Each structure stands twice: as structure tokens, then as C-alpha cells.
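Undergrad: here is a sequence with its predicted model. Questions after.
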2 protein chains.
Amino acid sequence: MTSLPVVNQPPHRCGALLDHVGRRLRLRSESVLAPLGLRPRHLIALTVLRDQGGSSQQHLAKTLEMDGTNVVGLLNDLEAEKLIERRRSPVDRRRHVVELTDVGAKLLAKAEFALAAVEDEVFRALSDDQRETLYTLLQQVTSRTGTEACMEGVASEPC
Amino acid sequence: MTSLPVVNQPPHRCGALLDHVGRRLRLRSESVLAPLGLRPRHLIALTVLRDQGGSSQQHLAKTLEMDGTNVVGLLNDLEAEKLIERRRSPVDRRRHVVELTDVGAKLLAKAEFALAAVEDEVFRALSDDQRETLYTLLQQVTSRTGTEACMEGVASEPC
DNA sequence: TAGATCGTTTGTGTAAGACAAACCATTAAT
DNA sequence: ATTAATGGTTTGTCTTACACAAACGATCTA
């Protein structure tokens, strides 16, 4: 099963394509998000927090692939709006466990709702099924890959 | 077939997800592309030019959703490396028809080859089939949508 | 007690990119 | 023929996202 010689074309690279679509999406999102006091960057963070549950800031920095110092600023924004909470980890009180608040979850939902029109426009060429497929694929990409996933010491999750 | 009442969940928004994956991809791509004298932005432009054929700069600006003046700079970079050519349109000599050169096409191919490792890492969670599906979906998104597509006056294409 | 680690603050530098103004060459309108 | 509009170019300014470094307090570990 490892190699069916039938179709053997080299896999296409979708980096540039993804970048391109991302840009189109981001540009439009900005104006939609602005009235909510959010920027695309904030939305990514909120989404990650919702999907992966609370995590330490270090972990978050790794996930977002951002410099730690800049994550601080990002979280400061979000915390100022009560969208997230930083709690000291009981396990290691140096750590902050960052979690989405109810307000944050609601605003995130609201933002996503507001983005419907944007996505409709950008993904006009895709059917609903295709959009769902795209979503699933992207989520699969971002979901922790088993290895490398745990060991962050957040504990309370069995791995 | 238009509505099976079985699953009726609201469609997911993949903007943030896409942004996130895009970032991860871009970060790694930068270091791979640097030795080739390219930046992610350049790769997008080259990709668009290959996929859509030559276009006027205005058209290109619209496709890339970039400000015209910045497109000039981008193309200047690429032209300096002989990756693209600006030819005056015979139809309207104010226009530049921008096209990929052989050198450009080759470098693009080389870059994509070099990016294999990057995509392997980022898309580790996806099977080859899934990657291909992702590619197809993204391409479908970026491919001109029929309406709005033509009317650019590039002519030589029947629409 | 000493050293490492997490988060934070501040400050610096680079790059993307938006935007405006002025310009030339060309085309279209009158 | 004159005028106005358009495609491209140049220059210059401004904002923002980041990366990166340095220093600090609190906390954990040895």
C-alpha cells in the first residue's frame, strides 16, 4: 500500500497559495474585526486558546511561534479587555496559565459570526462541503501532533 | 441534494486557522528562501504569474491585493534578478505586461523543491492525499472566479 | 545558598505595507 | 489640437508587526 505507481506526480507546494489566500482573508478581516477591538493576531490567539484549552505562556509562544516578549504584549491586550485570564499555576507558581474567559469566548463567537461575509467572499469558489473540508484539514495541521505535544507540564491533562 | 437536514451545524470559520498555519509556514520558508534571494512575498508573486500567465501590473496589484506602488518595488526586485519581464502591451503601450522568464520559472521550481522539507514538517499531520486536497482547494480559491475575472483588457485570452 | 526558569518591562532595529504627491508616456474625449 | 484620464514610476512619510537583547522579580531546584 505504500506506493501505488498509478499516479506518481510530485506533491504540490501550497505555501505560496496559502500565504496568498491568507493575505486576502486578513485584509478583509481587519476592517470587520476593528469595531470589536480585535486584530487578526488576537483572533488567532483566542482561537488557539479555545481549541487547545489553557496553556502556559511559554507553550503559547511556541504554538503561535512568536517571541515570548511579544506574546506578553498580546496577552496584555486581551487581558485588558477581560477576554483572557492569567492565573498562577498551582504546580509552579512562576507560570501563568492562560485561559479564555466567558467574555472572550463570546467575543470570539461574535467575531467569527461577523466574519461570515468575509469568508463567503473569499471562499466564493468553494462549496460548503469544500469549506468544511478545508477547515478540517487546517485544524488537523494545527492540532498537536502527538509527539512534541505534551511535556509542557501544564499537567491536568493526561496526554 | 441542496439540504439534508441531518447535519446542520453552522460552517466553521477558518480564517484564524489559515492565518496561523500561514505564519508557521512563512517563518520556516523565509530561511529556506533567503539563500535563493527570495522572500515569501516574491514567491507569491511568481506563483501567481506562473498560474495565471502574464498580466498588467494593475491587474497584478488587484490579484495580490497590494498597493500599486508597492507592486512596482516588488517587480523591480524580481526584474533585477531577471525573474520576470516587463513588456509594453501592444494594445495599450502605457501598460506593462508582466511575465515570468525561464529563469524565473526555474528558480520558482527550485524554490518549491527546496520547500519540500518545510512543508513536510508543517503538514506532518496530513497524508499525501490530504495535502493534495488542500492544494486543490486553495488553488480553487485563488483561481479567478469567472465574474470579475476578465475585463482586465489583457486580451489574447478569450474569457 | 546558588543557579536556573517563567514572566515581565523597556528599548532597539528591521521590514511590510499603506498612503500621498508629483511625474512621464500614452490614450481617449472634445 | 487641446484637454483630461490612465498606467506606471519615483520618492517620501507613517504605522505596525516582529525579532532580539538586556535587565528585573518571583519562584523553583540543587
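TA: Structure received.
Undergrad: A:Glu99 - that's part of a strand, no?
TA: Yes. Assessed with DSSP: H, G, I helix; E, B strand; the rest coil, A:Glu99 lies in a strand.
Undergrad: quick one: contacts for the closest residue to it other than its chain neighbours?
TA: Closest residue to A:Glu99 apart from its sequence neighbours, by Cβ to Cβ, 6 or more residues apart in numbering or on different chains: A:Gly54 at 3.8 Å. Placement of C-beta: from N, CA and C, glycine included. A:Gly54 makes contact with A:Val97, A:Val98, A:Glu99, A:Leu100, A:Val154, according to Cβ atoms under 8 Å, 6 or more residues apart in numbering or on different chains.
Undergrad: okay, the third one and A:Glu79: tell me how far apart.
TA: Read it as A:Glu99. 11 Å (Cβ to Cβ, to the nearest Å).
Undergrad: between those two, what contacts are shared?
TA: What both A:Glu99 and A:Glu79 touch, as defined by Cβ under 8 Å, 6+ apart, is the set A:Glu85.
Undergrad: which parts of chain A sit against DNA strand D?
TA: Applying Cβ under 7 Å from any atom of the strand, we find that chain A lies next to DNA strand D at A:Arg39, A:Arg41, A:Glu65, A:Met66, A:Asp67, A:Thr69, A:Asn70, A:Asp92, A:Arg93, A:Arg94.
Undergrad: wait, does the biggest helix by length in chain A contact DNA strand C?
TA: If you go by DSSP state H, chain A has its longest helix at helix A:15-33. Yes. Judged by Cβ under 7 Å from any atom of the strand, helix A:15-33 and DNA strand C are in contact via A:Arg23, A:Leu27.
Undergrad: report all helices and strands that that helix contacts.
TA: helix A:40-52, helix A:102-114, helix A:116-122, helix B:15-33, helix B:40-52, helix B:128-142 (3 or more Cβ pairs under 8 Å, 6 or more residues apart in numbering or on different chains; DSSP states H and E).
Undergrad: and the ones you listed as JSON lines, adding mean neighbour count, mean pLDDT and distance to B:Lys106?
TA: Putting the helices and strands packed on helix A:15-33 into JSON lines (neighbours: other Cβ atoms under 10 Å in any protein chain shown; pLDDT from 0 to 100; distance: least, Cβ to Cβ, whole Å) gives the following:
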{"stretch": "helix A:40-52", "mean neighbour count": "21", "mean pLDDT": "94", "distance to B:Lys106": "35"}
{"stretch": "helix A:102-114", "mean neighbour count": "16", "mean pLDDT": "95", "distance to B:Lys106": "42"}
{"stretch": "helix A:116-122", "mean neighbour count": "16", "mean pLDDT": "92", "distance to B:Lys106": "31"}
{"stretch": "helix B:15-33", "mean neighbour count": "21", "mean pLDDT": "94", "distance to B:Lys106": "15"}
{"stretch": "helix B:40-52", "mean neighbour count": "21", "mean pLDDT": "94", "distance to B:Lys106": "11"}
{"stretch": "helix B:128-142", "mean neighbour count": "17", "mean pLDDT": "93", "distance to B:Lys106": "21"}
